[in-house]
Each structure stands twice: as C-alpha cells, then as structure tokens.
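**Student:** when you get a sec, could you give me coordinates for this:
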Amino acid sequence: ILKESPRQRAANTRTHTPALLKGLIFTDRGIAMTPTVTKKGSRHYRYYTSMDAIRNRACEGRESFVRLNAGMVEGAVVQHIRSLLRTPEIAARAMEAARRTAPDMDEQDVVTALTGFDGLWESLFPAEQARIARLLIERVTVSADGLAVDLRTEGLGSLIREMVTPERRQAA
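**Tutor:** Residues are numbered from 1 along each chain as shown. Down below sits the predicted model:
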C-alpha cells in the first residue's frame, strides 16, 4: 500500500464509489456542492458538501447548506426523475427529442421505454447510473424549500434511443 502514491490511492477509492450528482448539485446561492466521504471505523459516510464549507468561506449570516447526506439526496433526485418520467408532458418532450435523431421512432416505443425506466435503473451498476444521471439532469438546486431538478430534454431523447435500440435488435 505504501509503495503507491496517496493521491493515486485516493483516486482509486473515488472511482469505486462514483457520486451520482457530481458536478450537478448546487446550493440556491449557486455554490457547487462536491462529494465527500468520512470514515468511522469500517463504515463510510457519503455527503455532498458546499464548496464554501470546504474552502472555509463564511456564509455571511445567510442560511446555507454545508453538508447533505448523499444517499438521501440521490434517492430523492432519482425518485423525482421517476415521477417526472411518468408525466404526459415529459413523454411528449421525449418523443420530440427522440424523433429529432431517429425519425422512425414511434410513440409506443417511447412509452414502453419510459415505463421500463424503473426496472432498468435498478439493474444498472453505479457508474452507469451516474452516466444516465448526467444525460437526464441539467442541474440540481438545494434550497430551504427542498430540491429542484432541471431535466435535460436532449438527454432524454438519447436515453430513449439507447433503451429502444436493443429491443429492436432482439426483435430482428
């Protein structure tokens, strides 16, 4: 262990536990939040920590989010995306986005892909979940009122194409 550089060991550790919202989560003041980990005994605790807290910048008396439990935030964001994907408005946007690059895509393919999202998500490895999160999420904003998730329509079309293409290959 000591022969390997500490920076390389830290980088290897981070690659084993990809943060779902890395680069996507911000406070309501526009301050980025970064994934951090603490360890107590053999247990690891994951958080999203405000860059203000990491850099020891004062919050100037304003209400600020210093550290949030990563599992809870990620779970809430995924649940919000799941509920958004069930709405007719998002289905219509997904259809438009998918047809821009795949004109032969029909509405039933899009609806099937959107309803199968929950099952797909559960079967993916964390690194693939993080990739899909980057496709679907523009930004997550944390405030005293809760979380706001901005969805990327272009990413939705790309995801639909990826979900439909394997099904078409199997049918052929």
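**Student:** may I ask which helix or strand encompasses the residue nearest the centre of the chain?
**Tutor:** Note on the chain: the residue nearest the mean C-alpha position is A133, at 3.2 Å, using CA atoms, centre = their mean. A133 is located in helix 126-136, with elements delineated by DSSP states H and E.
**Student:** what packs against that helix?
**Tutor:** When contacts are defined as 3 or more CB pairs under 8 Å, 6 or more residues apart in numbering; DSSP states H and E, helix 126-136 sits against helix 70-85, helix 153-171. Placement of C-beta: from N, CA and C, glycine included.
**Student:** right, and those helices - which one's nearest S50?
**Tutor:** helix 70-85 (12.5 Å; CB to CB).
**Student:** can you list the buried residues in that closest one?
**Tutor:** The neighbour-count check on helix 70-85 (16 or more other CB atoms under 10 Å) flags A70, V73, E74, V77, V78, H80, I81, L85 as buried.
**Student:** biggest separation within those residues, which pair?
**Tutor:** For these, with distances taken as CB to CB, the pair at the greatest spread is A70 and L85 (22.3 Å).
**Student:** any idea how far whichever strand or helix holds Q108 is from the chain center?
**Tutor:** Under the criterion of DSSP H and E, Q108 resides in helix 107-115. Computed by CA atoms, centre = their mean, to the nearest Å, the chain-centroid distance of helix 107-115 equals 21 Å.
**Student:** would you mind pulling up the elements that that helix packs against?
**Tutor:** helix 88-101, helix 153-171.
**Student:** using JSON lines, lay out the helices and strands packed on helix 126-136 together with mean pLDDT and distance to P6.
**Tutor:** Rendered in JSON lines, the data for those read as follows (pLDDT from 0 to 100; distance: least, CB to CB, whole Å):
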{"stretch": "helix 70-85", "mean pLDDT": "92", "distance to P6": "23"}
{"stretch": "helix 153-171", "mean pLDDT": "71", "distance to P6": "36"}
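**Student:** out of the ones you listed, which comes closest to A97?
**Tutor:** Set against A97 and scored by CB to CB, the helices and strands packed on helix 126-136 come closest in helix 153-171, at 2.7 Å.
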